[in-house]
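Student: Curious how this folds, go ahead:
(one chain, ligands or ions: 2)
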Amino acid sequence: MTVKDILDAIQSKDATSADFAALPLPESYRAITVHKDETEMFAGLATRDKDPRKSIHLDEVPVPELGPGEALVAVMASSVNYNSVWTSIFEPLSTFGFLERYGKVSELTKRHDLPYHIIGSDLAGVVLRTGPGVNAWKPGDEVVAHCLSVELESSDGHNDTMLDPEQRIWGFETNFGGLAEIALVKSNQLMPKPGHLSWEEAAAPGLVNSTAYRQLVSRNGAQMKQGDNVLIWGASGGLGSYATQFALAGGATPICVVSSPQKAEICRKMGAELIIDRSAEGYRFWKDENTQDPREWKRFGKRIRELTGGEDVDIVFEHPGRETFGASVYVTRKGGTIVTCASTSGYNHEYDNRYLWMSLKRIIGSHFANYREAWEANRLIAKGKIHPTLSKVYSLEETGQAAYDVHRNLHQGKVGVLCLAPEEGLGVRDEAMRAQHIDAINRFRNI
Ligand SMILES: C/C=C/C(=O)SCCNC(=O)CCNC(=O)[C@H](O)C(C)(C)COP(=O)(O)OP(=O)(O)OC[C@H]1O[C@@H](n2cnc3c(N)ncnc32)[C@H](O)[C@@H]1OP(=O)(O)O
Ligand SMILES: NC(=O)C1=CN([C@@H]2O[C@H](COP(=O)(O)OP(=O)(O)OC[C@H]3O[C@@H](n4cnc5c(N)ncnc54)[C@H](OP(=O)(O)O)[C@@H]3O)[C@@H](O)[C@H]2O)C=CC1
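Tutor: Ligands and ions are numbered 1, 2, ... in the order given. Okay, here's the model as predicted:
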């Protein structure tokens, strides 16, 4: 039995759940990995010069044992997230520490502590097997998976599962991720695959869409409302392309920050009208490595006021971190919110706290999403209210290049990866709905 037989079953129109359940599992499968004995390979290099193409490998690996509450999924497509870039450059720390720590939780979690890390935090595919205690999903189900892995043995996580002390990001802080032909997930990561999308389109939104939903829309985040002005950094990037759609769909006004006319055009195509090209404007929020320039914050704020007709922003959707955070705090309206989920340009932020406390602003930390938030975000995709922002699709063999593109900010929106899917465009089950939204689905393609 090989993965080819699995693919044949998925592509045959009449395979039933019983047929999938009867398919023997292969002994091994192909997966994107980083290697524990290479974690020092980039020592001494600047972040920018650490090249994911050198650390990312395509290996044949054994199928992991299936535990209670888990599912093995045949992965048709996945996508590249920035967390896989971090893993591949071993920053801010090697992810093998996470696997070692997880391996100590129980006899079963020991499986995760391996000399290789199978990475990837998105997938679209078909359930192959479910473990004991799984009733909601069965072999043959077409699914996407969100990346929240929780144990939920402590009371702490039972109001909001993101607060579980054993909360992990699957494929980053756990092994057996989605950039592979087969993945191991907890069954409470599974959600229905939107029928109007191909495998690679369905795999693209997952992580960033759920994150942007919690960060901007959810009561756990900024609770955006109609009429809010929302400043969105990297508005045509992974997170930003969903934040922009949420702002528009929710009756808010996005002020999109991008770094090229091409990216500005993408934002216009999404329906945004207020756009700032940070490269063209030449903002230098830092005079040197240690000193910010408040005059530049003010120049940025003035530009926002010009665009909004004199208003400041209610919410800043933050993730660049050190480079922009001082400006983000400054330009937020009195009583407004800066909601942050990352620090791509550096995690030691500096801002002038007088502008925070005197103007009663709030900083909210946000991280991924709980199952319900991920479900609601996926539901919006399934209803055609929010669309994938897939630009380019790579083969599994080319994942290193795909991660390099994201690391170097050469991409737009999301970058997809075909895993078992032999070509793009497969897996669409609802052609009528697709036809209704085809222009929006293709907005980011091949630009
Ligand atoms: C969905 C996608 C998301 C993304 O893309 S996010 C971007 C990528 N992710 C990242 O860049 C984050 C990567 N992770 C990290 O950098 C680290 O992961 C953290 C900085 C988040 C945490 O570091 P750590 O070393 O794990 O945590 P500690 O808490 O500093 O150290 C653990 C030890 O410190 C003890 N400790 C914790 N809090 C306290 C306290 N308040 N007072 C005293 N001790 C404390 C603990 O118990 C434990 O101890 P013991 O080692 O003995 O188990
Ligand atoms: N905590 C969480 O749950 C999550 C955290 N993240 C983190 O968020 C970050 C962004 O992820 P994602 O959106 O997928 O990445 P992308 O690279 O797809 O998009 C980020 C965008 O941010 C902009 N940007 C990058 N650097 C700077 C800078 N120095 N100043 C201003 N803008 C900048 C770029 O847009 P432009 O050049 O056009 O301005 C870029 O397109 C990563 O660090 C990632 O790890 C991501 C998802 C979930």
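Student: Domain-wise, how is this structure divided?
Tutor: Split into domains by the TED database, the chain comes to 3-209+369-442, 226-365.
Student: Figure out which of the ones you listed is closest to ligand 2.
Tutor: domain 226-365 (2.3 Å; Cβ to the nearest ligand atom). Quick note: C-beta positions are derived from backbone N, CA and C, even for glycine.
Student: Can you give me the first-to-last residue distance of that closest one?
Tutor: Terminal residues of domain 226-365 are spaced 22 Å apart (Cα to Cα, to the nearest Å).
Student: Any part of it near ligand 1?
Tutor: Yes: between domain 226-365 and ligand 1, judged by Cβ under 6 Å from any ligand atom, the touching residues are A342.
Student: hmm, that domain in reach of ligand 2?
Tutor: Yes: judged by Cβ under 6 Å from any ligand atom, domain 226-365 comes into contact with ligand 2 at 233-234, 236-240, 257-259, 263, 278, 319-320, 323-324, 341-342, 344-345.
Student: Select from those residues every entry located in helices.
Tutor: Among the residues of domain 226-365 next to ligand 2, the residues falling in helices (DSSP state H) are 238-240, 263, 278, 323-324.
Student: Strands along the stretch 1-150 of the chain, start to end?
Tutor: In the stretch 1-150 of the chain, the strands defined using DSSP state E, counting those that start in this stretch lie at 28-35, 57-62, 70-80, 116-118, 123-130, 142-145, 148-149.
Student: Pick the most deeply packed of those strands.
Tutor: Neighbour counts (mean count of other Cβ atoms under 10 Å) averaged over each of these peak at strand 70-80, with a mean of 29.
Student: mind listing what that one pairs with, with the direction of each?
Tutor: With DSSP bridges as the test, strand 70-80 is paired with strand 123-130 (antiparallel), strand 182-186 (antiparallel), strand 414-418 (antiparallel).
Student: mean confidence for it?
Tutor: If you average the pLDDT over strand 70-80, you get 98.
Student: Report the backbone C-alpha coordinates of it in PDB.
Tutor: Provided in PDB are the C-alpha atoms of strand 70-80 (Å, rounded to 0.1, in the frame of the first residue of the first chain):
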ATOM      1  CA  GLU A  70      -6.800  12.000  17.000                       C
ATOM      2  CA  ALA A  71      -7.100  11.700  13.200                       C
ATOM      3  CA  LEU A  72      -4.800  10.800  10.400                       C
ATOM      4  CA  VAL A  73      -5.500  13.000   7.400                       C
ATOM      5  CA  ALA A  74      -4.400  12.500   3.700                       C
ATOM      6  CA  VAL A  75      -3.200  16.000   2.900                       C
ATOM      7  CA  MET A  76      -4.100  17.200  -0.600                       C
ATOM      8  CA  ALA A  77      -2.700  20.700  -0.100                       C
ATOM      9  CA  SER A  78      -1.100  22.900   2.600                       C
ATOM     10  CA  SER A  79       0.200  26.500   2.700                       C
ATOM     11  CA  VAL A  80       3.300  28.300   3.900                       C
END
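Student: quick check: angle from that strand to strand 28-35?
Tutor: For strand 70-80 against strand 28-35, the angle by axes from the mean of the first three to the mean of the last three Cα atoms, to 10 degrees is 60 degrees.
Student: pLDDT below threshold where in the chain?
Tutor: 1 (pLDDT under 70).
Student: how about the closest residue to ligand 1 within it, what does it touch?
Tutor: For the chain, the residue closest to ligand 1 is N83, as judged by Cβ to the nearest ligand atom, at 3.6 Å. Residues near N83 by Cβ atoms under 8 Å, 6 or more residues apart in numbering: 121, 169, 171-172, 207.
Student: Nearest to E65 among those?
Tutor: Nearest to E65 among those, counting by Cβ to Cβ, is G171 at 17.7 Å.
Student: Excluding chain neighbours, give the residue nearest to P254 in space.
Tutor: A247 (3.9 Å; Cβ to Cβ, 6 or more residues apart in numbering).
Student: Quickly note the distance from that neighbour to G221.
Tutor: 13 Å (Cβ to Cβ, to the nearest Å).
Student: So which of the two has more stuff around it?
Tutor: A247 (29 against 23; other Cβ atoms under 10 Å).
Student: now the angle between strand 70-80 and the helix or strand containing the more buried one, please.
Tutor: For A247, the host element (DSSP states H and E) is helix 238-249. Per the same axes, to 10 degrees, the angle that helix 238-249 makes with strand 70-80 is 90 degrees.
Student: chain center to helix 238-249, what's the gap?
Tutor: 13 Å (Cα atoms, centre = their mean, to the nearest Å).
Student: oh, and call the first residue 20 from now on, that's how I've got it
Tutor: Renumbered: residue one is now 20, and that last one reads helix 257-268.
Student: for that helix, packing partners?
Tutor: If you count contacts as 3 or more Cβ pairs under 8 Å, 6 or more residues apart in numbering; DSSP states H and E, helix 257-268 packs onto helix 225-231, strand 248-251, strand 272-277, helix 280-289, strand 332-337.
Student: would you turn the ones you listed into a markdown table with distance to E450?
Tutor: Putting the helices and strands packed on helix 257-268 into a markdown table (distance: least, Cβ to Cβ, whole Å) gives the following:
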| stretch | distance to E450 |
| --- | --- |
| helix 225-231 | 23 |
| strand 248-251 | 33 |
| strand 272-277 | 31 |
| helix 280-289 | 23 |
| strand 332-337 | 34 |
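Student: Which one, of these, ends up nearest to A393?
Tutor: Using Cβ to Cβ, the nearest of the helices and strands packed on helix 257-268 to A393 is helix 225-231, at 4.0 Å.
Student: any idea how far P43 is from T359?
Tutor: T359 sits 47 Å away from P43, taking Cβ to Cβ as the criterion.
Student: Kindly report the same for H430.
Tutor: Where P43 is concerned, H430 sits at a distance of 38 Å (Cβ to Cβ).
Student: the more surrounded of these two?
Tutor: Neighbours were counted for H430 and for P43 using other Cβ under 10 Å; H430 has more, 20 against 9.
Student: Tell me how far that one lies from D175.
Tutor: In terms of Cβ to Cβ, H430 sits 37 Å off from D175.
Student: Then A268?
Tutor: From A268 across to D175, the span is 33 Å (Cβ to Cβ).
Student: Repeat that for P211.
Tutor: Where D175 is concerned, P211 sits at a distance of 29 Å (Cβ to Cβ).
Student: same deal with F115?
Tutor: For F115, the distance to D175 - Cβ to Cβ - is 26 Å.
Student: Between the two, point out the one with more neighbours.
Tutor: Neighbour totals were compared for F115 and D175, and F115 leads with 21 against 14 (other Cβ under 10 Å).
Student: Would you tell me which helix is longest in the chain?
Tutor: The chain, longest helix under DSSP H: helix 313-327.
Student: Which residues does that one contact?
Tutor: So helix 313-327 is contacted by 248, 250, 272, 274, 293-295, 300, 302-304, 330-332, 345-346, 349-350, 371 (Cβ under 8 Å, 6+ apart).
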